[in-house]
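Participant: coords please:
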Amino acid sequence: FPLWISAAPGRTERMARMSAHVAAVTLSLRDGWNKRWRALPLYAVRILETSSVPAGEPRIDWLLYTNHPVETLKDALLVAHGYSQRWRIEDFFRTWKTGQCNVESTQLQGTQQVKIWGSMLAAIAARTERLKHLARTQPDLPATAELATHEVEALVLLKRKRKKKNEQIPDGIPPIALAVQWIAELGGYTGKSSGGPPGSVTISRGLERLAPAAEMLRVLRENGLVR
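Facilitator: Numbers count the residues shown, from 1 in each chain. This next block holds a predicted model:
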């Protein structure tokens, strides 16, 4: 089965062909507190790369233990896909806990208030990470695939106001990669000299600055004050 392998230190991104091997196993675990042993039934799923790999790189070989029932190939694929997404989950938590969201810095005291605030910031972190991911993996996707029309229109207006002297702003809907770059520029991104493509901090900061302009444009349009 095919599986997209993301880039990592010493590993190039690629679409790899994988095979899956599954077995029901029982692990014998020793409790470090009471020194007792107990049996833990699990499924062992081995995911092995069977296609050719770039020279000098190790073949993907995962041995995964799960309590999710694995009875079919579809079950095994679900386990493999979940594990392959672990770095995106880590990226989400990093954006949620640090950077612009910084959820752990809240001074709210009530449990319910903290849950609501944390959920709001989680939505912001998820959208930030999704925009970053789409800009890097599907750069030619129309910006309206992820951004509302009034957000794109407001973004174009802000970009035209801030554009460099010789910079050309294309007509129509920009691709998602370009739109995310413009959003990040609102948040302080200065281009490739910053050390790479737009990151979570500048994207989330740019979204925060785009929001009032987009909302104002939406209200004006709904009330017939602009076309």
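Participant: Quick one: residues contacting Thr111.
Facilitator: By C-beta atoms under 8 Å, 6 or more residues apart in numbering, the contact set of Thr111 is empty. For the C-beta atoms, the positions are set from N, CA and C on the backbone; glycine is no exception.
Participant: Give me the pLDDT for it.
Facilitator: pLDDT for Thr111: 93.
Participant: Pro2 pairs with what?
Facilitator: Beta-bridge partners for Pro2, by DSSP bridges, are Arg17.
Participant: For it, list the residues it contacts.
Facilitator: Per C-beta under 8 Å, 6+ apart, neighbours of Pro2: 15-18.
Participant: do you know how far it is from Ile89?
Facilitator: Taking C-beta to C-beta, to the nearest Å as the measure, Pro2 and Ile89 are separated by 21 Å.
Participant: Follow the chain on from the helix ranked longest in the chain and name the next helix or strand.
Facilitator: Looking across the chain with DSSP state H, the single longest helix is helix 111-137. Once the chain leaves helix 111-137, the next helix or strand it forms, by DSSP states H and E, is helix 149-162.
Participant: and that following helix, what other elements does it pack with?
Facilitator: In terms of contacts (3 or more C-beta pairs under 8 Å, 6 or more residues apart in numbering; DSSP states H and E), helix 149-162 is packed against helix 176-186, helix 200-222.
Participant: Let me know the pLDDT of the most centrally placed residue in the chain.
Facilitator: When C-alpha atoms, centre = their mean is applied to the chain, the residue found nearest the centroid is Glu129 (3.6 Å). Note for Glu129: predicted pLDDT of 94.
Participant: Next, work out how far apart it and Arg221 are.
Facilitator: Glu129 is 29 Å from Arg221, by C-beta to C-beta.
Participant: Please apply the same query to Lys165.
Facilitator: 30 Å.
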